[in-house]
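1. Prediction below, plus the sequence it came from.
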Amino acid sequence: MPLLYTIGKLTVGPTMRLAFRPTVEGLEHVPEIGGAILAGNHLSVADELFVGTVVPRHLAFWAKSEYFKGVGLKGAFSKFVLTGLGAIPVERAGGRAALTAFDAAIPALKGGDLVVVYPEGTRSPDGRLYRGRTGAVRLAISAGVPIIPVGMIGTEKVQPIGARLPRPGAGKVIVRFGKPLDFTGRPDDRTSLRAMTDEMMSEIQKLTGQEYVSRYAPPRAHPDPTREGPA
């Protein structure tokens, strides 16, 4: 586990548990060793904080590549923090550049790490669950690892879109982990990837109880640093 991530687990983690007392269900589905993808719904930027708080292992999050390339003191600090946490840069331009996140995530997964992705591609603008992009399933098949569905409940209340920090007492947070989905050996043609992604989103919906929308979430006015990269 990266040193900075370890420090966060010893400081931010206990603070989050004490201030918000999140309820955790199904943590036994997260493997104690070995690689896996955690694929969840995305209601708030606080989702990463709560998942990182309740999962005892290191989690590699995908982060917008611009955060690794900033200039000046702020840019250097951002790069230092993300690198220290073991984050994976995602190019948002599309094409071959966007696949660099796969290039980094596959060896991490094969090496036994956990990678967190948000298949909707951005935070939900209205609390509903939107159609998933196929990147998570493609990554799971390429790396030969399972997908653990994750359901976040209540994070949009403790840190709504636009809020700078989570607010204790604003709502109850529940983090639910579903049974692993194993897609290894399945065909990876476009139709099959779509079917497997829909299956994954169905499992996430069962955990959250959200209304499902069979179209992609509308893009935000400002790019979301936690948006899943390749789709």
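-> Alright, I've got the coordinates.
2. partners of L129 in the sheet?
-> Y212 (DSSP bridges).
3. ok, now how distant is it from L114?
-> According to CB to CB, to the nearest Å, L129 and L114 sit 22 Å apart. Placement of C-beta: from N, CA and C, glycine included.
4. Which residue of the chain lies farthest from its centroid?
-> G72 (28.2 Å; CA atoms, centre = their mean).
5. Tell me who's in contact with it.
-> Listed by CB atoms under 8 Å, 6 or more residues apart in numbering, G72 has no contact partners.
6. Distance-wise, check it relative to L85.
-> Separation of G72 from L85 (CB to CB) stands at 20 Å.
7. Give me the neighbour count for K179.
-> By other CB atoms under 10 Å, the residues close to K179 number 12.
8. And for M196?
-> By the other CB under 10 Å criterion, the neighbourhood of M196 contains 23 residues.
9. Phi, psi for it please.
-> phi -70, psi -40 (degrees, to the nearest 10).
10. switch to numbering from 547
-> Sure, I'll start counting at 547 from here, so that last one is M742.
11. Name the SS class of the nearest residue to it once chain neighbours are set aside, please.
-> Leaving aside its sequence neighbours, M742 sits nearest to V683 (CB to CB, 6 or more residues apart in numbering; 4.6 Å). Look at V683: counting by DSSP: H, G, I helix; E, B strand; the rest coil, its state is helix.
12. Could you report the distance from V683 to K615?
-> Using CB to CB, we find V683 at a distance of 29 Å from K615.
13. again with D734
-> 32 Å.
14. who's more crowded, the two?
-> When neighbours are counted by other CB under 10 Å, D734 comes out ahead of the other of D734 and K615, with 14 against 11.
15. Surely that one and A686 touch.
-> No. D734 is beyond contact range of A686, at 10.1 Å (criterion: CB atoms under 8 Å).
16. Contacts only, for D744.
-> Residues near D744 by CB under 8 Å, 6+ apart: G678.
17. Assign it to helix, strand or coil.
-> With three-state DSSP as the basis, D744 sits in helix.
18. So for stretch 671-686, what gets flagged as buried?
-> Across stretch 671-686, burial judged by 16 or more other CB atoms under 10 Å covers 674-686.
19. What's the local residue count around the nearest residue to K718 once chain neighbours are set aside?
-> Once flanking residues are discounted, K718 sits nearest to G700: 5.1 Å by CB to CB, 6+ apart. The burial count assigned to G700 is 19, neighbours taken as other CB under 10 Å.
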